[in-house]
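# could you look at this predicted model? Sequence included:
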Amino acid sequence: MLIDSIRIYARAGKGGDGLASFRREKFVPRGGPDGGDGGDGGDVALEVSHGVHDLRSYFYDPKLIAGRGMPGMHALKHGKSGKSVVGKVPPGTVVFRTQAVSMQEAAWLEKEGEGLQLEQVADLTREGERFVLCHGGKGGRGNWHFRTATNQAPTTFEPGTEAEEGVFVLELRCIADAGLVGCPNAGKSSLLSALSRAKPKVADYPFTTLQPVVGVVECDDLSRFVVADIPGIIEGAADNRGLGHEFLRHIMRCRVLLFVIDMTGLEHDPVEAIQTLRKEIKLYSEELAARPWLILANKMDVPEAQENLNALRARFPRAEILPISALKKTGLDALKEKVRALLRPNNP
């Protein structure tokens with residue numbers, strides 16, 4: 001089971017209090033102030049790791065809590081700082097802050113129908129990239145800092161400051177150059193298998209792909225690009241019908257969209273299929289709909305496919321349509337060259 005969206009609670013550590021104390025030794029019965037400073041509270045951070053593939057670990061324990069700073073000590077000794085906590089996340093994790101400061105408040109807001117307001121605060125894509133969710137509190141100053149010429153024995157000290165806390169939503173979005181977009185059972189998984197060494201589940205029933213699968217496509221000139229096979233889309237996906245947003249969020253990073261159309265017409269009319277797909281993409285994101293796209297006329301090895309291809313070309317005369325067969329592996333070289341050309345302006 002792929003966990004690609006999760007809500008977590010994070011709380012940094014409170015700063016330790018400063019200490020009000022005075023030096024008391026055998027031959028120094030009335031020494032001056034010697035209260036030490038409190039330690040800083042630990043931070044809560046997220047860090048990208050290629051060894052992590054989804055957000056599964058937070059499903060079982062959706063909280064990150066850092067250590068508190070220790071109070072200051074006698075003899076000007078500084079309190080120990082709280083231990084910071086670093087949660088590992090996969091590349092492609094988007095972080096949203098909510099208005100809730102506890103899981104209970106988040107649940108109450110949803111129950112009352114107010115919903116959670118999401119503010120994107122980070123987009124973590126690079127190995128080792130780190131983002132601090134909550135900063136720890138600062139340790140307070142001991143009474144040693146408050147001595148003056150007129151007050152040699154201050155009892156004043158500073159308490160440690162409170163730490164940040166809150167509820168966050170983590171979403172995993174695939175990092176791929178091109179995304180395979182299509183209705184269920186259009187042949188996307190078969191195409192990814194033919195293009196790369198990825199081994200997605202392939203079967204002749206809808207929604208075979210229930211989670212994104214990524215494959216690396218190697219070209220003759222040794223260049224390569226990454227393709228993502230994403231769960232099939234149905235009408236109403238932009239309103240979260242079917243797999244809805246579970247599908248759509250994963251193509252937000254794709255620079256090229258490849259619309260895979262079943263040219264047999266047995267389950268979906270090819271013209272209606274591309275109209276539905278384009279409509280749902282545009283409803284979900286105007287920015288996404290404006291990116292380069294191709295129509296991949298799949299299953300051209302079937303006799304009736306040619307007639308459907310002619311109808312598709314007549315309906316979309318300006319669209320680039322590439323006839324292919326994932327099963328017979330025909331037309332794939334032309335597909336690779338076209339995708340590589342579309343990606344080239346953004347490549348070194």
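Looks like it arrived, so ask away.

# when you work out contacts or count neighbours from here on, use the C-alpha atoms and nothing else.
Noted.

# OK, contacts around I251?
173-174, 179, 230 (Cα atoms under 8 Å, 6 or more residues apart in numbering).

# pull up the per-residue confidence for the closest residue in space to L118 that isn't next to it in sequence.
Spatial nearest neighbour of L118, excluding adjacent residues (Cα to Cα, 6 or more residues apart in numbering): T98 at 5.0 Å. Here, the pLDDT recorded for T98 equals 96.

# if I read this right, T98 contacts V167, doesn't it?
Yes: the pair T98 and V167 passes the contact test of Cα atoms under 8 Å, sitting 5.8 Å apart.

# show me which of those two is the more surrounded one.
Ranked by neighbour count (other Cα atoms under 10 Å), T98 and V167 place V167 first, with 24 against 19.

# can you tell me the closest non-neighbouring residue to the more buried one?
Using Cα to Cα, 6+ apart, the closest residue to V167 is Y9 (4.5 Å).

# count the neighbours of the one you found for me.
With other Cα under 10 Å as criterion, Y9 counts 21.

# separation between the residue nearest to L118 and A10?
For T98, the distance to A10 (Cα to Cα, to the nearest Å) stands at 12 Å.

# shared neighbours of the two, which are they?
166-168.

# show me which of those residues is closest to S49.
Distance to S49, by Cα to Cα, is smallest for F168 among these, at 19.1 Å.

# just list whatever residues bridge to that closest one.
Taking DSSP bridges as the rule, F168 bridges to I8, R97.

# give the contact list for it.
Taking Cα under 8 Å, 6+ apart as the definition, contacts of F168 comprise 7-10, 95-98.

# not counting its neighbours along the chain, what's nearest the residue most central in space within the chain?
Geometric centre of the chain, nearest residue: T93, 2.1 Å, by Cα atoms, centre = their mean. Of all residues not flanking T93 in the chain, L172 sits nearest, at 4.5 Å (Cα to Cα, 6+ apart).

# could you pull up the residues touching that neighbour?
4-5, 54-55, 90-94, 250.

# pLDDT weak spots in the chain?
Counting by pLDDT under 70, the chain has low-confidence residues at 1-2, 198-211, 232-247, 345-348.

# can we see that at 50?
201-209, 236-244, 346-348 (pLDDT under 50).

# can you give me the helices in the stretch 1-150 of the chain?
56-60, 103-111 (DSSP state H, counting those that start in this stretch).

# out of these, which comes closest to A326?
helix 56-60 (32.6 Å).

# how about that closest one: buried residues?
Residues of helix 56-60 classed as buried: 56, 58 (neighbour count, 16 or more other Cα atoms under 10 Å).

# how far out from the middle of the chain is it?
On the basis of Cα atoms, centre = their mean, to the nearest Å, helix 56-60 sits 14 Å off its chain's mean C-alpha point.

# C134 reaches R11, doesn't it?
Yes: C134 lies in contact with R11 (Cα under 8 Å); the separation is 6.4 Å.

# neighbour-wise, which of those two wins?
R11 (25 against 21).

# isn't the more buried one right next to E164, touching?
Yes: shown here, R11 and E164 form a contact pair, counting by Cα under 8 Å, at 6.1 Å.

# which neighbours do those two share?
C134.

# W293: how many residues sit nearby?
21.

# distance-wise, check it relative to V94.
For W293 relative to V94 (Cα to Cα), the value is 24 Å.

# again with L118
11 Å.
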